[in-house]
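*Asks:* Okay, here's the prediction I keep looking at, along with the sequence it came from:
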Amino acid sequence: MDGYTYIAYDYPVLGAFWTMMWIFLWVMWLFLLFRIVFDIFRDDTMSGWAKAGWLLFVLVLPFLGCFVYLLARGKDMGKREIEQARAQQKAFESYIRETAAGAGKPSEVEELAKLSEIRARGDLSDEEFQRAKEKILR
C-alpha cells in the first residue's frame, strides 16, 4: 500500500457540516435562480427587450443580477405567482365543467340513432319520428 487510504473517520464532523451547508446553499441558489428566470418570462407587463435584458443580466452576472432583480422587482413576484395559480385553477375548473357537462348529455348522432331504432321497432309513427327529430336538431 503505497498511497494514502482515506477512511470515513478521517473526515471531521465540522467538515461534513460545512459540506452539507455548501450543498444546501448551492441548491437554494439554483432554486432562486430558476424562480427569477420563470418570473421574468411570466411577467406580461414587460416587453420582450426588457425580458431579454433582465435574462442576460441574470445569466451573465448571476449574483449581482439576482440581487438587483430582487430589489427592483421582487415585491411583485408573489403577486404574479398568485395570479398564475388562480388562472390555472380557473382553467382547470372550466375544463372539469365542460367535461362533466359533455359526459352526461348524449350527442345528436346518438339520439338520432336511438330514435331510428325505436321507429324501426314500430314504437313510433313517422309523424312522431319527424317531430322528435326536429326537436333534437334544434
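*Replies:* Here it is on my side, so go on.

*Asks:* Three-state assignment for the residue lying closest to D39 once chain neighbours are set aside, please.
*Replies:* With sequence-adjacent residues excluded and distances taken as Cβ to Cβ, 6 or more residues apart in numbering, D39 is closest to M77, at 5.1 Å. Every C-beta, even on glycine, is put in place using the N, C-alpha and C of the backbone. Three-state call for M77 (DSSP: H, G, I helix; E, B strand; the rest coil): helix.

*Asks:* Correct me if wrong: M77 contacts L32.
*Replies:* No - here M77 lies out of contact with L32, judged by Cβ atoms under 8 Å, at a distance of 10.7 Å.

*Asks:* More neighbours: which of those two?
*Replies:* M77 (17 against 14; other Cβ atoms under 10 Å).

*Asks:* just checking, what packs against the helix or strand hosting W29?
*Replies:* Under the criterion of DSSP states H and E, W29 resides in helix 13-42. Secondary-structure packing of helix 13-42 (3 or more Cβ pairs under 8 Å, 6 or more residues apart in numbering; DSSP states H and E): helix 48-60, helix 62-73, helix 77-104.

*Asks:* Compute the distance between the residue nearest the centre of the chain and Y95, please.
*Replies:* Central residue of the chain (Cα atoms, centre = their mean): Q88, 7.0 Å from the mean position. According to Cβ to Cβ, to the nearest Å, Q88 and Y95 sit 11 Å apart.
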